[in-house]
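*Asks:* From the sequence below, what's the structure:
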Amino acid sequence: MKYVLVFYGGAMPESAAAQARVLKQWNNWYARLGSAVVDAGLPFSGKVNKIRPDGDVSRGPIGQRATGYAIIEASTIELATRLAKSCPILKSEGSVAVYETAESV
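*Replies:* Numbers count the residues shown, from 1 in each chain. Below you'll find the model as predicted:
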């Protein structure tokens, strides 16, 4: 099964040295996940539009802003959640939501 990890919050430190440490933590985490990583994803830019059923467009996030994503494979949502528990965003007061995808449509 594939799982989409949606990241919320977290922040990139201001200094170049601290940024390098954070990026190294992310690279190490992805390396530990190994072949479970389907798509390492990217951070979101912060630009977002939400389209309502009537066609109206809202600019900006509604509720808590998602800050990035990754896609992994795991045999169960429990395993995917266990893998997500070691995500570096948790060290910077961020959080992770684990979404199971449908097997087929």
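*Asks:* Quick one: residues in contact with the longest helix anywhere in the chain.
*Replies:* Longest helix of the chain, by residue count under DSSP state H: helix 16-33. For helix 16-33, contacts defined as CB atoms under 8 Å, 6 or more residues apart in numbering pick out 12-13, 37, 40, 70, 72, 83, 86-88, 91-92. C-beta coordinates here come from the backbone N, C-alpha and C atoms, glycine included.
*Asks:* got it, and stretch 3-10?
*Replies:* Contacts with stretch 3-10, where a contact means CB under 8 Å, 6+ apart, come from 41, 43, 64-74, 77, 80, 84, 87, 89, 92-101.
*Asks:* Now it - C-alpha only, PDB.
*Replies:* Taking Å, rounded to 0.1, in the frame of the first residue of the first chain, the C-alpha atoms of stretch 3-10 are listed here in PDB:
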ATOM      1  CA  TYR A   3       0.800   6.200   2.100                       C
ATOM      2  CA  VAL A   4       1.000  10.000   1.600                       C
ATOM      3  CA  LEU A   5       2.700  11.700   4.500                       C
ATOM      4  CA  VAL A   6       1.500  15.300   4.800                       C
ATOM      5  CA  PHE A   7       3.700  17.600   6.900                       C
ATOM      6  CA  TYR A   8       2.400  20.500   8.900                       C
ATOM      7  CA  GLY A   9       4.400  23.200  10.600                       C
ATOM      8  CA  GLY A  10       8.100  23.000  11.200                       C
END
